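Undergrad: Okay, sequence plus prediction incoming.
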Amino acid sequence: MKITENRDIGILKKAMDVASLRQKVMANNIANVNTAGYKAQKVSFEEAMRSAAGSQGPVALEKTDKGHIGNGGSIESVRPKIVRDESVSQKLDGNNVDIESEMVDMAANQLLYNALAQQVSNKISVLRYAIHEGER
Amino acid sequence: MKMFDTLAISASGLTAERLRMDTIASNVANANTTRTEEGGPYRRKVAVFREKLESEMGRAGNRSAGVEAVGIQEDMSPFKKIYDPSHPDADEDGYVELPNVNLLNEMVDMIAATRAYEANVTVINSSKGMYAKALEIGK
Amino acid sequence: MKIGSISNEIVTPLEKTGGSGKTESFSETLKKQLGEVNELQLAAEKASEELALGEAENIHEVMIQTEEAKLALELTVQVRNKVLEAYQDIMKMQI
């Protein structure tokens, strides 16, 4: 019973990794808001994750042996990707960073990260409660 | 520290915008300077930025790591010519060459730099909040 | 009345029948779990070291790993306590 293999905490941690990367990418976009010719970047992850997680739904095939073949990618193999937004810029210097939408996305991202951290804490306390049979 | 890379990125943004402000301040202060060391009127200066890459910081990978100033370049657009024979630096025809600084443009640039600076500060606060929350996991 | 050795009487009902048909005795399961707990402890120690040296990738990763190791250890200690309790209960039984 490895707690890392606990699916819930595993997904939460993965989401936190992505939110952390997203914060970094947005910080970079905002730092480069006045750099001529700079094209904004963003992180693509949710689509890939949904297809990997969805394929492990109610009809997931269990792998109890190395030779078994599952149905769909595993959650661990999904990685976030940094993608460049090549859209044409509105500004004269070729920079296409939309600072207002970056700021709004960043506020949402911070809230998401905090919520995920809270969820991980909750899951851990539930496990702790079960281990100590409610005595502590 | 790799952990706080996000903060370093925003810090680079602050440094860059501060440099830009310094350049703008210099332009505004010298808007009427007709004599410089090289002779001739003051030339408008522009701070040029570019994206900083991780590889330049001695790290593997070539992801973005913020912004850095390439240098301060001079704006080569022509000087303003004003007819003012009483000016000590007027030439034989009575024309004076004044710096190619347009105060309105400088004001607009100043506002852009200030806004960008403030935005980077907001990002730093946001990142700090995230780190603080992560430290509370398991409490 | 036949008096058999106590250890045989306790261990047998706890034998686990795995899906592959191999039976794992309680001691083997215990050893495996202890090995995993040890691995978690080592991973958490390594993460703390990286944190101190400034090499950690993400702070939430360090926190989660440390908590996981703590939980695994707490679970192991509780299981040990339960086993000891069970053993003591049985020892107290008057034959």
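TA: Here it is on my side, so go on.
Undergrad: contacts, neighbours, all on C-alpha from now
TA: Will do.
Undergrad: In chain C, which residue sits nearest chain A?
TA: The minimum distance from chain C to chain A, using CA to the nearest CA, falls at C:L75 (5.8 Å).
Undergrad: any idea of the mean pLDDT in the helix or strand where that residue lies?
TA: C:L75 is part of helix C:59-92 when elements are defined by DSSP states H and E. Averaged over helix C:59-92, pLDDT sits at 89.
Undergrad: ok, now stretch B:4-20?
TA: 94.
Undergrad: What residues of the helix holding C:L75 count as buried?
TA: For helix C:59-92, a neighbour-count test (16 or more other CA atoms under 10 Å in any protein chain shown) marks C:59-76 as buried.
Undergrad: Helices of chain B, start to end?
TA: With DSSP state H as the criterion, chain B has helices at B:5-29, B:103-135.
Undergrad: quick one, the shortest one and helix B:103-135 angle?
TA: Relative orientation of helix B:5-29 with respect to helix B:103-135: 160 degrees, computed using axes from the mean of the first three to the mean of the last three CA atoms, to 10 degrees.
Undergrad: in helix B:5-29, what's buried?
TA: B:5-21, B:23-24, B:27-28.
Undergrad: what helices or strands is it leaning on?
TA: Helices and strands touching helix B:5-29, as assessed by 3 or more CA pairs under 8 Å, 6 or more residues apart in numbering or on different chains; DSSP states H and E, comprise helix A:7-31, strand B:45-53, strand B:64-74, helix B:103-135.
Undergrad: Run the angle between the last one and helix A:7-31 for me.
TA: Going back to what we said before, that points to helix B:103-135. Direction vectors for helix B:103-135 and helix A:7-31, defined by the same axes, to 10 degrees, enclose an angle of 160 degrees.
Undergrad: Report the angle between helix B:103-135 and helix C:59-92.
TA: Orientation check (the same axes, to 10 degrees): helix B:103-135 against helix C:59-92 gives 10 degrees.
Undergrad: now check helix B:103-135, is it near chain C?
TA: Yes - using CA under 8 Å from any CA of the partner chain, we find that helix B:103-135 touches chain C at B:Y131, B:A134, B:L135.
Undergrad: ok, now which ones touch A:D105?
TA: Residues near A:D105 by CA atoms under 8 Å, 6 or more residues apart in numbering or on different chains: none.
Undergrad: for chain B, what are the nearby residues on chain A?
TA: Counting by CA under 8 Å from any CA, chain A sits next to chain B at A:23-25, A:27-36, A:38, A:103, A:106-107, A:110, A:113-114, A:117-118, A:120-121, A:124-125.
Undergrad: Find me the pLDDT at C:G35, would you?
TA: Here the pLDDT value assigned to C:G35 is 86.
Undergrad: With B:G61 instead?
TA: pLDDT, read off for B:G61, is 67.
Undergrad: Could you do B:M1 as well?
TA: 68.
Undergrad: Just give me the neighbour total for B:Y95.
TA: Using other CA atoms under 10 Å in any protein chain shown, B:Y95 has 17 other residues around it.
Undergrad: Grab the nearest non-local neighbour of it.
TA: Spatial nearest neighbour of B:Y95, excluding adjacent residues (CA to CA, 6 or more residues apart in numbering or on different chains): B:Y83 at 4.4 Å.
Undergrad: wouldn't that neighbour be in contact with B:D91 here?
TA: No - here B:Y83 does not reach B:D91: they are 9.7 Å apart, not a contact under CA atoms under 8 Å.
Undergrad: pull the longest helix from chain A.
TA: Counting by DSSP H, the longest helix found in chain A is helix A:99-131.
Undergrad: returning to that earlier point: for the residue of chain C closest to chain A, give me its contacts.
TA: C:L75 is in contact with A:I131, counting by CA under 8 Å, 6+ apart.
Undergrad: For it, give its distance to C:L30.
TA: The gap separating C:L75 from C:L30 is 12 Å, by CA to CA, to the nearest Å.
Undergrad: ok, now B:F79?
TA: B:F79 sits 85 Å away from C:L30, going by CA to CA.
Undergrad: The two: who's more crowded?
TA: Taking neighbours as other CA under 10 Å, B:F79 and C:L30 compare with B:F79 leading, 18 against 15.
Undergrad: thought that one was touching B:N102?
TA: No - B:F79 is beyond contact range of B:N102, at 10.6 Å (criterion: CA under 8 Å).
Undergrad: who are the neighbours in contact with residue 125?
TA: Let's take chain A. B:G138.
Undergrad: distance of it from B:K139?
TA: Distance, A:S125 to B:K139, by CA to CA: 9 Å.
Undergrad: Could you do A:L92 as well?
TA: A:L92 sits 50 Å away from B:K139, going by CA to CA.
Undergrad: B:D89 too?
TA: In this structure, B:D89 and B:K139 are 73 Å apart, going by CA to CA.
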